[in-house]
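1. Any chance you can model this:
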Amino acid sequence: MAMDTVATYALETVIGIVKTYADLIANAKSELAELQKELEEVQACLKDAAEKTGMGHHFNLIRKQMREAIYDVEDALDTYLTDLEVAAAKAKDHPLKEKLKAAAGFKSTIDMAILVKELRANLGPIYEKAKKELDRPGSQPLPEPGSQALVKKIQQDLTPRRDKVVTLQDVEETMFEYLAEKTKRLDFIPIIGMPGLGKTTLTCKIFESDAVKDEYLNRIWVNVSQKFNAKDVLLNILKPFTDKDMSGMDIPGLEREVRTRLKNEKFLMVLDDVWYVHDLKIIKNFLPVTNAKGKVLITTRSEEVGTSAGRRKPYKLRVFTEEESWELLQLEVFEDLDECPEELEAVGKEIAKNCDGLPLTVVVIGGVLGAKTRPGVTKFDEWTEVSKDVLRFLQKDKENLISEVVALSYDILPDELKECFVYMGVFPEDYDIPAWILICLWIAEGLIEQKKDESLEETAEEYLNDLVNRNLLMVSKTNPMGENKTFLVHDVIHAFCISKAEEQNLFEEIKPSDKGIFPTPTAAAKKYHRVCFNSKLDNFFDSQGTEYPRVRSFLSFYVKHEKLGQEYNTAIPDNFKLLRVLNSNTIICDVFPPTIDELTHLRYVTLFVDVLTAIPESISKLRNLQTFRVDTNSTTVQMDANLWAMLWLRHFKTKATLVMGKQKEGEGGKNLQTLSTLSADSCTETVAKKASNMKELRVRGNLTTLLDGKNNFLQKLICLEKLKLMHVRLGIRLPKTNCFPPNLKRLTLRNTWLEWSDMSILAHIEKLQVLKLKQNAFTGKKWTVSCKFSTLQYLLIAGANLEDWEVSSADHFPRLTCLSIKKCGNLQKIPMELAKKLQMLDIESLSESATASARAIQKEKEKEQGEQKTRWSSQFQISIN
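-> Numbering: from 1, shown residues only. Next up, the predicted model:
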């Protein structure tokens with residue numbers, strides 16, 4: 001978090017004690033008031049520091065000491081409160097106030113006064129040193145920044161790294177020649193080059209090209225990375241061949257399956273980012289080396305790996321020419337060629353030249369140029385300054401150059417973005433980071449500050465898009481609306497985040513030695529506030545001295561789910577008593593952890609409970625909870641916890657059907673934004689009233705009553721923007737009048753068995769942008785469109801028995817840009833009238849005639865685009881599977 005946010009957390013703790021435990025702190029009240037005042041001064045000091053330059057290494061050391069002192073305050077007070085809660089829980093026979101009084105006997109107010117006095121004594125001298133350093137000559141205010149507001153790309157097309165790609169004609173021709181070459185055995189094609197040279201981008205472009213898709217029906221992409229895992233590689237290879245979950249198979253069984261699947265198939269496989277010869281050797285052992293129809297592209301930074309791949313000499317990827325670097329820089333800054341103002345062209349070409357032919361350097365510098373806005377300073381002067389910085393970094397070797405360029409981008413980040421960026425290091429290398437998870441984590445960690453007239457989620461999304469625009473994050477998946485769904489961090493940037501985290505003591509990965517032994521926590525380790533686990537937890541809890549008393553975040557990001565022994569069900573609460581963040585949904589527990597309610601500071605929880613019958617009532621005690629997600633193999637879960645007791649709850653998610661028990665009174669619900677998956681019978685007046693600000697809802701069950709036209713539950717949810725409805729009985733009919741929320745933008749229907757004539761009712765949802773019709777949402781052989789879907793931009797039809805789709809005019813879908821039709825084998829034709837605004841057409845498992853009509857739409861769009869100059873971002877895209 002930004003340093004002043006660290007102080008904010010401590011301030012919140014102090015204020016909370018004063019408000020909640022007023023009758024117990026009489027003797028400590030004056031000390032707490034002084035501590036609150038001093039923390040406010042520290043917060044102001046840190047904000048002042050963030051706005052000055054020239055602070056130097058000495059101040060950074062003081063800042064680190066201040067961070068630790070503030071953490072001491074926070075930890076000591078929260079530990080006190082935790083002990084108070086435990087003591088209160090033991091006094092069960094007393095009314096609430098009596099419980100607290102009984103708890104006060106456990107920690108007297110005199111003890112608290114002494115504790116706060118000690119904390120103030122530690123914090124005071126460090127604050128005075130910081131203030132003195134701030135006041136010394138030489139520390140100057142930062143240049144006044146321009147608007148920090150992000151220019152939002154609402155209709156952003158595919159991922160930047162796939163769109164803004166410069167064509168390396170000679171390189172691509174060579175690669176296609178290699179792929180076309182006939183060989184007698186499995187052909188390994190190694191591409192070698194230093195980090196940031198564009199190996200993965202080049203390979204991805206070839207992999208996704210129409211020529212390769214037409215030639216290779218079986219295409220397999222495997223991220224190998226530095227942390228090689230043979231089982232994960234095997235499972236990734238098998239993924240395109242089966243929907244069956246094979247994660248339970250052992251490695252020898254998976255190897256046999258891979259050999260069987262690939263033995264006689266024509267396939268193209270990419271092994272991306274291979275680090276070690278030993279890893280490649282293991283992979284080669286389970287590939288069918290006698291299959292001459294297969295090709296394997298390998299990207300690696302190691303010449304030794306490339307040489308060991310096979311008979312073919314490794315292809316050394318060249319650096320960019322000056323012209324190619326300039327082309328890429330223009331795409332990054334202006335999103336097109338020939339858009340650079342004439343006065344910037346010379347200095348722009350100089351910057352591109354100074355990037356020394358390294359694409360990643362060009363990309364990151366492009367982010368710097370796009371972000372720098374300072375009133376009173378001309379663009380020319382700003383670009384000239386960047387040009388000098390790049391020249392200075394050229395004194396380094398090329399690999400260090402990239403790290404220095406990343407550091408340059410980091411240094412100009414707004415203070416509130418810096419720790420959000422460094423936080424990306426908590427995820428494993430090459431991890432596909434879901435936007436929703438990242439946003440909720442940032443909020444729970446206190447990295448997002450509340451802005452006026454903006455939700456925390458909206459601010460976090462701006463931060464995310466800002467990091468993407470600065471090319472410090474790569475978008476890996478987008479939804480059809482162009483919104484970012486998942487992200488990747490380049491391995492060089494990931495390494496930078498790790499180094500910054502170590503420097504600032506922000507988090508630590510707990511991992512065993514080569515012999516599988518976990519280290520005993522040192523004095524320094526016991527001060528960690530965030531720990532990441534990607535190793536066997538059973539082994540960790542079996543080791544000695546595993547208690548980490550100051551840990552606030554327990555983060556686990558296993559690629560595959562890990563089973564936790566039943567004897568360890570209470571291990572996390574027992575060892576990490578001050579947790580605020582518990583990300584453990586890749587750890588499978590047999591039962592709901594019975595003591596998790598003791599972690600009273602929790603703000604974010606994700607769990608995986610194998611068999612779950614009920615959300616226990618004790619969860620209601622987690623009054624600070626913001627995000628709660630529980631995955632399970634159960635289909636129905638009883639909600640025994642009081643949803644309305646959790647005042648700060650923002651997101652409650654489970655894929656099981658949630659049956660609300662008898663709900664007690666409470667003031668909660670006002671902050672609730674996401675609720676899924678709610679039983680249709682639980683869609684009550686109480687839920688509509690208390691959760692009136694909800695933006696996303698998912699409902700499963702018998703929808704007959706919910707959609708009968710008499711029930712106005714949905715209409716009362718005036719803030720709802722996203723709705724998913726799953727029916728479990730026979731078909732239903734929609735009422736003639738619109739029964740949907742007034743601000744609904746996205747609607748998904750599944751198994752509703754509606755008639756196509758009911759589509760006219762959906763057309764009256766005024767703000768509807770996305771409509772997904774899945775698995776018999778509508779039934780009937782013919783759909784004649786007779787109404788106008790004025791705002792619809794994306795339509796998905798999947799698993800329908802539709803044969804004849806008639807659209808008489810393009811005016812029926814005036815804004816439809818994305819169309820997806822899947823597993824509609826009876827459909828004869830896709831109407832040409834839909835082509836007018838269409839930018840993306842995605843079809844899967846359609847008849848020959850429907851596929852031919854998709855090709856006809858493609859030709860029509862190509863003809864249109866050939867008649868006018870179009871930007872790269874508006875090119876029509878088609879996917880046929």
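2. make it CA atoms for all contacts and neighbour counts henceforth
-> Noted.
3. distance between the ends of stretch 540-555?
-> Taking Cα to Cα, to the nearest Å, the first and last residues of stretch 540-555 lie 14 Å apart.
4. which non-adjacent residue is nearest Asp597?
-> Ile619 (5.5 Å; Cα to Cα, 6 or more residues apart in numbering).
5. who's in contact with the one you found?
-> Residues in contact with Ile619 (Cα atoms under 8 Å, 6 or more residues apart in numbering) are 596-597, 641-642.
6. Can you classify it by secondary structure?
-> Secondary structure, DSSP: H, G, I helix; E, B strand; the rest coil: Ile619 is helix.
7. In strands only, show me the contacts of Ile619.
-> Assigned to strands by DSSP state E, none of those qualify.
8. any chance of those in a markdown table, plus neighbour count, distance to Glu848 and pLDDT?
-> Output for the contacts of Ile619, formatted as a markdown table (neighbours: other Cα atoms under 10 Å; distance: Cα to Cα, whole Å; pLDDT from 0 to 100):
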| residue | neighbour count | distance to Glu848 | pLDDT |
| --- | --- | --- | --- |
| Ile596 | 21 | 56 | 92 |
| Asp597 | 18 | 57 | 90 |
| Ala641 | 21 | 53 | 93 |
| Asn642 | 22 | 54 | 92 |
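9. Max pairwise distance over these: which two?
-> Ile596 and Asn642 (15.7 Å; Cα to Cα).
10. Run through the stretch 101-250 of the chain and note the low-pLDDT ranges.
-> Applying pLDDT under 70 to the stretch 101-250 of the chain flags residues 101-112, 133-164.
11. Please enumerate the helices of it.
-> Counting by DSSP state H, counting those that start in this stretch, the stretch 101-250 of the chain has helices at residues 109-135, 160-163, 169-180, 199-207, 210-215, 230-238.
12. Tell me the strands beside the helix or strand harbouring Ile797, with direction?
-> Assigned by DSSP states H and E, Ile797 falls within strand 794-798. Paired neighbours of strand 794-798 in the sheet (DSSP bridges): strand 770-774 (parallel), strand 818-822 (parallel).
13. With mean pLDDT added, can I get those in a markdown table?
-> Below are the strands paired with strand 794-798 laid out as a markdown table (pLDDT from 0 to 100):
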| stretch | mean pLDDT |
| --- | --- |
| strand 770-774 | 97 |
| strand 818-822 | 96 |
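14. Please tabulate those strands in JSON lines, including the columns mean neighbour count.
-> JSON lines is the format used below for the strands paired with strand 794-798 (neighbours: other Cα atoms under 10 Å):
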{"stretch": "strand 770-774", "mean neighbour count": "20"}
{"stretch": "strand 818-822", "mean neighbour count": "20"}
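15. And those: which comes nearest Leu217?
-> strand 818-822 (17.9 Å).
16. Go ahead and confirm Asn881 touches Glu848.
-> No - with contacts counted by Cα atoms under 8 Å, Asn881 stays clear of Glu848, the gap being 11.7 Å.
17. As a markdown table, the strands paired with strand 794-798 with distance to Ser325 would be great.
-> Written out in a markdown table, the entries for the strands paired with strand 794-798 read as follows (distance: least, Cα to Cα, whole Å):
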| stretch | distance to Ser325 |
| --- | --- |
| strand 770-774 | 38 |
| strand 818-822 | 33 |
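18. Figure out which of those is closest to Leu238.
-> Among the strands paired with strand 794-798, strand 818-822 sits nearest to Leu238 (Cα to Cα), with 22.0 Å.
19. All set now, cheers.
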